[in-house]
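Trainee: Just need the structure, nothing else, for what follows:
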Amino acid sequence: LTQYKTNKTFFIPKEALNDKNFEKSLDSFMSDDRKITKMIIVLKDDPYSKEALSTINKINAEVSNGLKGNDLSDAKFGTSGPSATTKDMNDVLSRDLNRSTTIVIIGVLLVLFFVIRSFWTPVFITASLLGSYYAAMFIINYIFIDLQGLEGISSFVPFFSFIIIVALGVDYSIFLMMRFKEYPHMSQKEAIVTASKHIGGVIIAAVIILGGTFATLMPSGIILLSELAIAVITGLIVLCFVLLPIFLPAMIALPDTLVKLLSRKKKDALNIEEKVI
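Mentor: Alright, predicted model coming up:
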C-alpha cells in the first residue's frame, strides 16, 4: 500500500485479482454478485463524540466527491455504525424539533388569539414560553457540560422538554388571562396586577406539584431522565416566578405607558409653544 500514500489511485495486478486468497477477501467485503462492497473504518475518537460525528460528515463528503466523474457516479452509498446512527438520529431529532417548534408556536398563537381575543398579549405569552424554554436549555448545558464535563446533552431532551414546558405554560397563561378578563373596569396595568395576585397562588401550587413529580426522575441514575427533569423544572420555575409575574405584566402595561408618555410630551411641547407665543 506504499503507492496509495502518494496517489489516490491504487492499481492491483491481474495475478492478484485471480488469486484464490484474494477471492476470499472479496467474499468478506463484497456481495455475491460483486455489486455491493463495504469498507471498515476504525475511528480514533469516541464513537459518540462530536469529533466522531464530524468524521462521518467528512467520510460522506469524501465518498461523494470520489464517485463523481467515473463509472460509479450513480452508485448509492451510506455509512453505518454507532457514530453514523447517532448522527442520523441527531439530524432527525433536530429537524423534528424545528418543525414541531413552528407548528406548536402557530397552534399556541391561534388558541390564545381565540381565547384572549387580543393580538399583542398572545405574542407576549408566546415570547415568555420561548424564554422559559431557552433558559432551561442554558441551565442544563451549564450543569451537565460545564460543571459535570459531559460531551453534550441527549438529543431527546430539547424536543420533549419543549413540548412539556410549552404545554404546561400555556395552561398557566390561560388561567392568568381568564382572571385578567374579569376586570374590564380597571386599566390593563391594574387588571394584570390584580389577576396575578389572585391566581398566582394556584399557579405556584401547580408548579410545585409538577416540579416534585418530575424531580422523582432524578434519583433513577439515568442521565437522560435527570436532564429532562431539570429542564422541565427550570423552565417552569423561570416561567412562574419571572416571566409570568414580571415580564408579561410589564409588556401588557407597556402600551398604556407609552401612550401616556407621548401625550405628556405633546402637552409639554404645547406649553412651551404657548410660553414662547
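Trainee: can I assume residue 63 is in contact with residue 73?
Mentor: No. Using C-beta atoms under 8 Å, residue 63 makes no contact with residue 73, being 11.7 Å away. Heads up, the C-betas are built off the backbone N, CA and C, glycines and all.
Trainee: between those two, which one's more packed in?
Mentor: Counted by other C-beta atoms under 10 Å, residue 63 and residue 73 do not tie: residue 63 has more neighbours, with 15 against 9.
Trainee: Grab the nearest non-local neighbour of that one.
Mentor: Spatial nearest neighbour of residue 63, excluding adjacent residues (C-beta to C-beta, 6 or more residues apart in numbering): residue 77 at 5.2 Å.
Trainee: quick one: contacts for the one you found?
Mentor: Contact analysis of residue 77 by C-beta atoms under 8 Å, 6 or more residues apart in numbering lists 60, 63, 64, 67.
Trainee: Secondary structure element holding it?
Mentor: Here residue 77, judged by DSSP states H and E, is contained in no helix and no strand.
Trainee: where does it land on pLDDT?
Mentor: Confidence at residue 77, expressed as pLDDT, is 89.
Trainee: measure residue 92 to residue 158 for me?
Mentor: To residue 158, residue 92 is 13 Å away according to C-beta to C-beta, to the nearest Å.
Trainee: okay, these two: which has more neighbours?
Mentor: Regarding residue 92 and residue 158, a neighbour count based on other C-beta under 10 Å identifies residue 158 as having more, with 21 against 11.
Trainee: The more buried one and residue 138 touch, don't they?
Mentor: No. Assessed by C-beta under 8 Å, residue 158 is found out of contact with residue 138, at 11.8 Å.
Trainee: What number of residues are in the vicinity of residue 132?
Mentor: The burial count for residue 132: 25, using other C-beta under 10 Å.
Trainee: need the contact list for it.
Mentor: 165, 169, 235, 236, 238, 239, 243 are the contacts of residue 132 under C-beta under 8 Å, 6+ apart.
Trainee: Any of those residues buried? List them.
Mentor: Among the contacts of residue 132, the ones that count as buried by 16 or more other C-beta atoms under 10 Å are 165, 169, 235, 236, 238, 239, 243.
Trainee: closest to residue 193 among these?
Mentor: Of all those, residue 193 sits closest to residue 243, with 15.4 Å by C-beta to C-beta.
Trainee: Please report the distance of the closest one from residue 130.
Mentor: From residue 243 to residue 130 the distance is 10 Å (C-beta to C-beta).
Trainee: and residue 208, what helix or strand is that in?
Mentor: helix 188-215.
Trainee: Could you list the low-pLDDT ranges of the stretch 1-150 of the chain?
Mentor: Filtered on pLDDT under 70, the stretch 1-150 of the chain yields the residue ranges 1-8.
Trainee: can you map out the helices along it?
Mentor: For the stretch 1-150 of the chain, the helices defined by DSSP state H, counting those that start in this stretch occupy 14-17, 20-29, 50-67, 82-116, 120-141.
Trainee: now what about the third one, what contacts it?
Mentor: It refers to helix 50-67. Contact with helix 50-67 is made by 8, 41, 43, 45-46, 73, 75, 77, 79, 83-84, 86-87, 90, 151-152, as judged by C-beta under 8 Å, 6+ apart.
Trainee: Now, of those, which are buried?
Mentor: By neighbour count, with 16+ other C-beta under 10 Å, the contacts of helix 50-67 hold 79, 83, 84, 86, 87 as buried.
Trainee: Between those, which sits nearest residue 219?
Mentor: residue 86 (27.0 Å).
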